[in-house]
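S.K.: Here's a sequence, model it:
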Amino acid sequence: LAFAAEKELWLVDPATGREWWTLNCGNADLVAVALSPDGKTAVAATNDDKLLFVDAEAGKLLAEMELQDSCDRLAYAPDGKWLAVSGGAEHVELWDAEKRLPARQCGGLEGEVKFLAFTPDSGTLLAGTDEGGFAWDVKDGVLMQSSKPGDGKPSWEHVALSADGALLAVLDDEEKLSVRKAGTGEAVHSLEAAQESVNCLALAPGGDVAVSADNDAVLRIWEPAQGQTVRSLRLAADSVNSLAYAPDGKALAAATDNGLFLLSRVPGVALKEIPMPGHQAGLREAHWTEGGKKVLTLGDDDTIRLWDAQTGREVSCAQLERNSGGLGGLAAETFAYLSFAKHRTGIQYFLQGKLQCSFEVPSTFGTALSRDGRLAAFVTPQGAIQIHQLPEGKLLRTITAGPKGAFHPVFSPDHSLLAAFQEGQGVK
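M.R.: Residues are numbered from 1 along each chain as shown. I've put the predicted structure just below:
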């Protein structure tokens with residue numbers, strides 16, 4: 001996973017959350033990023049109209065190219081041959097990704113681009129804007145189709161493409177959901193009984209099932225390919241705050257104001273409800289771990305809970321310090337984590353939901369926890385890095401990072417090495 005954070009480009013293993021590298025890209029802010037399908041090249045656009053090509057395996061800058069216009073969105077073609085660049089102009093620019101040179105312009109674009117993607121065969125480029133949908137032939141840049149809501153009609157706010165590239169799911173600014181043909185923008189189905197306030201939306205892997213949720217905890221389950229609502233389901237909750245599909249798409253986690261719900265797919269029909277009570281307050285988020293075997297939840301009652309997705313059994317529960325300064329690190333494999341005190345100087349170390357120790361550290365500018373949960377690193381305001389042994393909390397050593405200081409510490413998987421970023425120096 002590649003992402004931009006102000007002036008830095010990051011590459012992260014999405015399965016573990018481990019940072020592979022961090023690259024400082026100069027004085028300009030990064031505004032868009034894309035990763036090639038083979039994972040070998042990362043591309044970032046800056047706010048001073050430059051396009052940066054980076055070796056994703058080594059974290060080294062390969063080329064810096066000038067853009068004719070500003071850029072706010074990037075998209076790689078699935079075959080890796082083309083890169084689409086959109087910004088302030090009334091066109092999308094196609095770049096030859098292998099040569100790193102602009103090839104042609106796709107004209108006729110209207111409105112602010114909110115979605116940019118290629119079809120799976122890399123033959124068609126699609127853009128969704130607040131003015132409508134547009135489709136171009138990649139080989140010559142000719143506009144094949146455009147679909148506009150028209151005067152007085154709602155504009156498109158969010159667009160998602162099905163895995164086969166045939167359909168678009170569109171959420172407009174009136175919070176109505178529709179399914180449209182990707183090539184023409186023609187609506188094949190709309191949810192006429194639209195939810196008044198859509199809080200969250202989840203699309204199953206493969207795009208065959210989508211679920212939306214509103215403030216009243218009503219889930220609408222529908223099949224885009226058939227263009228029909230399968231069913232509506234009201235959870236025994238006040239509101240649904242987030243939805244997350246398991247990696248294999250066979251289960252859905254719903255974080256609500258009243259707890260966690262797991263819903264398992266009944267093949268060809270709908271979803272089966274499995275409520276899992278336990279939280280004393282609402283849930284903010286739910287995350288799948290261990291390849292979809294467990295669910296980790298963050299609650300408004302300052303608890304972190306781990307659930308067995310098969311049985312619905314609560315595996316462990318950890319109580320954070322009330323009004324804590326947040327989490328300083330999380331090792332999902334051992335369910336170990338650090339919790340900051342309110343003023344971010346006191347540290348509590350938990351393992352399997354049980355408090356192991358508390359200790360003091362200086363106000364920290366960065367924290368890392370080893371994968372096994374046995375080592376913790378803290379960056380001090382003076383730029384030094386303190387290494388503590390857990391669960392004792394004992395200070396093992398202090399590393400002097402120099403006048404540039406250090407940021408974003410991270411342990412290697414075997415926790416024998418520690419990397420950190422230094423401004424103007426890169427990663428050490």
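S.K.: which element follows the helix or strand of the chain with the lowest mean pLDDT toward the C-terminus?
M.R.: Considering only helices and strands, the least confidently modelled element of the chain by mean pLDDT, DSSP states H and E is strand 270-276, at a mean of 50. Beyond strand 270-276 in the direction of the C-terminus, DSSP states H and E gives the next helix or strand as strand 283-289.
S.K.: What residues of that following strand count as buried?
M.R.: When burial is assessed from 16 or more other CB atoms under 10 Å, strand 283-289 yields the following buried residues: 283, 286, 288-289. For every residue, glycine as well, the C-beta is placed using N, CA and C.
S.K.: got it, and stretch 110-123?
M.R.: In terms of neighbour count (16+ other CB under 10 Å), stretch 110-123 has its buried residues at 111, 113-120, 122.
S.K.: Nearest to Asp172 among those residues?
M.R.: Checking the buried residues of stretch 110-123 against Asp172 by CB to CB gives Lys114 as the nearest, at 11.1 Å.
S.K.: For the host helix or strand of that closest one, which helices and strands make contact with it?
M.R.: If you go by DSSP H and E, Lys114 is part of strand 113-118. For strand 113-118, the elements it packs on are strand 71-76, strand 82-87, strand 124-129, strand 156-161, judged by 3 or more CB pairs under 8 Å, 6 or more residues apart in numbering; DSSP states H and E.
S.K.: And the average pLDDT for it is what?
M.R.: For strand 113-118, the per-residue pLDDT values average out at 85.
S.K.: Just checking: what are the partner strands of that strand?
M.R.: Strand 113-118 pairs in its sheet with strand 124-129 (antiparallel), by DSSP bridges.
S.K.: Hey, what's the angle from the partner strand to strand 71-76? Just curious.
M.R.: Here the directions of strand 124-129 and strand 71-76 differ by 150 degrees (axes from the mean of the first three to the mean of the last three CA atoms, to 10 degrees).
S.K.: between strand 124-129 and strand 82-87, how many degrees?
M.R.: Using the same axes, to 10 degrees, the interaxial angle of strand 124-129 with respect to strand 82-87 works out to 20 degrees.
S.K.: Give the next helix or strand downstream of strand 124-129.
M.R.: Past strand 124-129, the next helix or strand by DSSP H and E is strand 132-137.
S.K.: Would you mind writing the CA trace of that next one as PDB?
M.R.: The C-alpha atoms that make up strand 132-137 are tabulated as PDB, following Å, rounded to 0.1, in the frame of the first residue of the first chain:
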ATOM      1  CA  GLY A 132     -21.400  13.200 -14.500                       C
ATOM      2  CA  GLY A 133     -19.600  10.200 -15.900                       C
ATOM      3  CA  PHE A 134     -17.100   9.900 -18.800                       C
ATOM      4  CA  ALA A 135     -15.500   7.100 -20.700                       C
ATOM      5  CA  TRP A 136     -12.600   7.200 -23.200                       C
ATOM      6  CA  ASP A 137     -11.000   4.700 -25.500                       C
END
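S.K.: Buried residues, it. List them.
M.R.: 132-136.
S.K.: Mind putting these into CSV with distance to Val295 and pLDDT?
M.R.: Putting the buried residues of strand 132-137 into CSV (distance: CB to CB, whole Å; pLDDT from 0 to 100) gives the following:
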residue, distance to Val295, pLDDT
Gly132, 38, 75
Gly133, 35, 77
Phe134, 39, 83
Ala135, 38, 84
Trp136, 41, 89
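S.K.: What ranges in the stretch 201-350 of the chain fall below the confidence cut-off?
M.R.: Regions of the stretch 201-350 of the chain meeting the criterion pLDDT under 70 cover residues 201-208, 210, 222-230, 265-281, 290, 302, 318-337, 339-345.
S.K.: returning to what we had before: quick one: the helices and strands packed on strand 113-118 as JSON lines, columns for distance to Asp140, mean neighbour count and mean pLDDT too.
M.R.: Compiled in JSON lines, the helices and strands packed on strand 113-118 are given as follows (distance: least, CB to CB, whole Å; neighbours: other CB atoms under 10 Å; pLDDT from 0 to 100):
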{"stretch": "strand 71-76", "distance to Asp140": "18", "mean neighbour count": "20", "mean pLDDT": "90"}
{"stretch": "strand 82-87", "distance to Asp140": "13", "mean neighbour count": "24", "mean pLDDT": "91"}
{"stretch": "strand 124-129", "distance to Asp140": "11", "mean neighbour count": "24", "mean pLDDT": "84"}
{"stretch": "strand 156-161", "distance to Asp140": "22", "mean neighbour count": "20", "mean pLDDT": "66"}
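S.K.: Okay, strands next: where are they in the stretch 301-428 of the chain?
M.R.: 303-308, 314-319, 326-331, 336-340, 346-351, 354-360, 366-369, 375-379, 385-389, 394-399, 407-411, 418-422, 426-427 (DSSP state E, counting those that start in this stretch).
S.K.: I'd like the ones you listed as a markdown table, with distance to Ala213 appended.
M.R.: Conversion of the strands of the stretch 301-428 of the chain to a markdown table gives the following (distance: least, CB to CB, whole Å):
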| stretch | distance to Ala213 |
| --- | --- |
| strand 303-308 | 19 |
| strand 314-319 | 23 |
| strand 326-331 | 25 |
| strand 336-340 | 28 |
| strand 346-351 | 31 |
| strand 354-360 | 34 |
| strand 366-369 | 32 |
| strand 375-379 | 37 |
| strand 385-389 | 41 |
| strand 394-399 | 46 |
| strand 407-411 | 34 |
| strand 418-422 | 38 |
| strand 426-427 | 40 |
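S.K.: and Lys7, which of these is closest to it?
M.R.: When the strands of the stretch 301-428 of the chain are ranked by proximity to Lys7, the top entry is strand 418-422, at 10.8 Å, counting by CB to CB.
S.K.: surely Leu61 meets Ala44?
M.R.: No. Distance between Leu61 and Ala44: 9.8 Å, which falls outside the contact criterion (CB atoms under 8 Å).
S.K.: Which strands and helices lie in contact with the helix or strand hosting Ser212?
M.R.: Under the criterion DSSP H and E, the helix or strand holding Ser212 is strand 210-214. On a contact count with 3+ CB pairs under 8 Å, 6+ apart, strand 210-214 meets strand 198-203, strand 218-223, strand 240-245.
S.K.: where does the stretch 1-150 of the chain have low pLDDT?
M.R.: Across the stretch 1-150 of the chain, the ranges flagged by pLDDT under 70 are 13-19, 88, 147-150.
S.K.: one more time with 80, if that's ok
M.R.: Residues of the stretch 1-150 of the chain meeting the criterion pLDDT under 80: 1-6, 10-23, 25-26, 87-89, 128-133, 145-150.
S.K.: all helices of it, in order?
M.R.: For the stretch 1-150 of the chain, no helices turn up when DSSP state H, counting those that start in this stretch is the criterion.
S.K.: Next one: the closest residue to Arg397 other than its chain neighbours relative to Ile399, how far apart?
M.R.: Nearest residue to Arg397 in three dimensions, chain neighbours excluded: Ile387, at 5.1 Å (CB to CB, 6 or more residues apart in numbering). Taking CB to CB, to the nearest Å as the measure, Ile387 and Ile399 are separated by 7 Å.
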